[in-house]
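Novice: Sequence below, structure please.
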Amino acid sequence: MKRSYFSAIALAAATLVGGQAFAADTSTGKTRDQVRAELAEAVRTGNMPAHDRSGRMLNEVNPSQYPAKPATQGYTRAEVRADLAEAIRTGNMPANDRSGRMLNEVNPSQYPAKPATQGYTRAEVRADLAEAIRTGNMPANNESGLMLNQVNPGRYEHTS
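Specialist: Residues are numbered from 1 along each chain as shown. Take a look at the predicted model:
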C-alpha cells in the first residue's frame, strides 16, 4: 500500500515538474533542490492530481486535509452595488424566463437604447464583395467549409 502511494506521488511529481518545465525558460534547468522543494510544496498544499479520473487536485477533493488557499482580492461592496445599479438601469440582467435573453432584449422600450455603431457603407460592402469574388475568398457552394480559392486554386490569383 505504501509503495503504490509513493509511486503515485513520484508520478504526480514528475507530471507536475514536467508540465512546469515546458512553461519555464528552457535555457536554464532547475536544480535537484528546486525540484524537491516544488514537490514538497505540492505535497504540503495538495496541489497534485487526485487518484481518480475527475481531473481535480487533491486539495479540491479533500479540502479539509490541506491549508486553505489565500483569498484573492475581489470587488468591494460599493463596486458590486454600483455594477448592480448599472445593470438594473440598463436592463443588462437575465430575463426571468428560460430564453437566456437579457431584460433589455425582452422589453427594449423600458430601457435606454444601446448606442448605435457605425456600420459599413454601401460602397464598402460592394468593394469587399468585389475583392472576395476576385480572390475567391468566399464559401464554396457545399458543406465542406472550404473557400472557393481552396476548391479551385487555379482560377484565382494567389494573394498573400
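Novice: any idea how far residue 34 is from the most centrally placed residue in the chain?
Specialist: Residue closest to the average C-alpha location in the chain (C-alpha atoms, centre = their mean): residue 55, at 17.2 Å. When C-beta to C-beta, to the nearest Å is applied, the distance between residue 55 and residue 34 equals 26 Å. All C-beta spots, glycine's among them, are computed from the backbone N, C-alpha and C.
Novice: Residue 47: how many residues sit nearby?
Specialist: Here the neighbour count serves as a burial measure; for residue 47 (other C-beta atoms under 10 Å) it reads 17.
Novice: What residue, apart from its backbone neighbours, is nearest it spatially?
Specialist: The shortest distance from residue 47 to any residue other than its chain neighbours is 5.7 Å, reached at residue 57 (C-beta to C-beta, 6 or more residues apart in numbering).
Novice: Mind checking what helix or strand follows the helix or strand of the chain with the lowest mean pLDDT in sequence?
Specialist: The helix or strand of the chain with the lowest confidence, counting by mean pLDDT, DSSP states H and E, is helix 2-23 at a mean of 51. Using DSSP states H and E, the helix or strand that follows helix 2-23 towards the C-terminus is helix 32-45.
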